[in-house]
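1. got a predicted structure plus its sequence, pasted below:
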Amino acid sequence: MKMKTRLMILLMIGLLVFATGNLLAEEGVATKEGEKKLEKLEVDLPSPTGPELDVVTAESIDLTTPSGKKLNKAIGKVEATAQEKGMPEDDTKDAVSVLKDLVDKGIPVKYALKVVETAITLQDYDGKEVAEIARSLGDCVEESGAGKECARIAQACIEKGLGAKDIARVMSAAEDALGKDASARQLRIMTEDLLDEGSGVEGLEVAIEAVGKSVKEGYSPEESRKSVALIALEGLRDGLRGKELANEIRKEAQRDLVERGRVEREIARERAQERIPEDVKERLKDQEKWEKEHPGEDYEPW
């Protein structure tokens, strides 16, 4: 009797989610936020066959939703890719779990699938390594909400052959920079540029940190990316790699911040001078001349 009651509850929830989704669509008020809330509805119920289900989501109850179809199609692709590569069953399950976790954390299905498929097909990561990449990527997305760009950063690292631990370092640096209001898009552009020029994890990690520091100092995300990328690219083209490149980026990025600050102060001073009346400027010149002629004495214009 209890099992029938649970099944009835499950059926009612499915019908409620389906009906609510249709009603919102018919009235033209369905929003992405509302869709996400429906998709993330979770109900813990025991399976009729005995083993407990971890989570029953709205998507798994109603497979007719567009998002439900996308996710299930993506799961099928991951399983097929894993089978083609000869991945063990446990690792395949880990990869599918990673895909679901990434989607749950706000990464669009399309980009979550690319990350997982790329990890399986290009670099032969095992299930644990894919999970490590996914954890760091998920943390980065939770910090910024920029699922698409963060996924593309991870994918670029995978395509260039970085190890799972190195990718985790890059994503951690990106998470920190995003916490300082850096732009995920600008970080992604710089990541792709530096990797294309042969940067390893040391240089990339420091460059991302430098962008975050620059933004925190008040410079725009785009300006910060361009200035740091220029320093990094010059170092790469001079043959610097690894720790040498990282040290060069750190040193020159700090020097650049100081120089930009000096230039800005100089511009501000010049602008302030422009607003000073001419008669006041003349008096200031007189004072400056008098102080040079009478060092150590107080200026007394009268």
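-> All right, it came through fine.

2. got the confidence number for the closest residue in space to Ile158 that isn't next to it in sequence?
-> Leaving aside its sequence neighbours, Ile158 sits nearest to Thr118 (CB to CB, 6 or more residues apart in numbering; 4.8 Å). The C-beta positions use only the backbone N, C-alpha and C, and glycine is treated the same way. Per-residue pLDDT puts Thr118 at 88.

3. Arg225 is in contact with Arg188, isn't it?
-> No. Judged on CB atoms under 8 Å, Arg225 makes no contact with Arg188 at a distance of 9.7 Å.

4. quick check: Ala182 is in a helix.
-> No. With DSSP: H, G, I helix; E, B strand; the rest coil as the criterion, Ala182 is coil rather than part of a helix.

5. returning to that earlier point: looking at Arg225 and Arg188, which is more packed in?
-> A side-by-side neighbour count of Arg225 and Arg188, using other CB atoms under 10 Å, places Arg225 first with 27 against 22.

6. which element is that one on?
-> Assigned by DSSP states H and E, Arg225 falls within helix 221-237.

7. that helix: what's the following helix or strand?
-> Using DSSP H and E, the first helix or strand after helix 221-237 is helix 242-274.

8. that following helix versus helix 221-237: what angle between them?
-> Angle, helix 242-274 to helix 221-237, by axes from the mean of the first three to the mean of the last three CA atoms, to 10 degrees: 140 degrees.

9. now do helix 242-274: distance to the chain's middle.
-> How far helix 242-274 lies from its chain's middle: 26 Å, per CA atoms, centre = their mean, to the nearest Å.

10. now swap in stretch 165-183 and tell me
-> Distance, stretch centre to chain centre, for stretch 165-183: 7 Å (CA atoms, centre = their mean).

11. which ones are touching Arg262?
-> Arg262 makes no contacts at all, as judged by CB atoms under 8 Å, 6 or more residues apart in numbering.

12. just the helices in this protein please.
-> Along the chain, the segments classed as helices by DSSP state H run 2-27, 32-39, 58-61, 66-84, 89-104, 109-121, 127-144, 147-159, 164-179, 184-196, 201-216, 221-237, 242-274, 278-293.

13. just the mean pLDDT for stretch 76-90, thanks.
-> Computed over stretch 76-90, the average pLDDT equals 90.

14. now it: buried residues?
-> Using 16 or more other CB atoms under 10 Å as the test for burial, stretch 76-90 gives 78-79, 81-82, 87.

15. could the residues you listed go into JSON lines alongside distance to Ala232?
-> Below are those laid out as JSON lines (distance: CB to CB, whole Å):
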{"residue": "Val78", "distance to Ala232": "34"}
{"residue": "Glu79", "distance to Ala232": "39"}
{"residue": "Thr81", "distance to Ala232": "34"}
{"residue": "Ala82", "distance to Ala232": "36"}
{"residue": "Met87", "distance to Ala232": "36"}
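
16. now the end-to-end length of stretch 206-225.
-> End-to-end distance of stretch 206-225 (CA to CA, to the nearest Å): 12 Å.

17. how much distance is there from it to the middle of the chain?
-> Remark: stretch 206-225 is offset 14 Å from the chain centroid, using CA atoms, centre = their mean.
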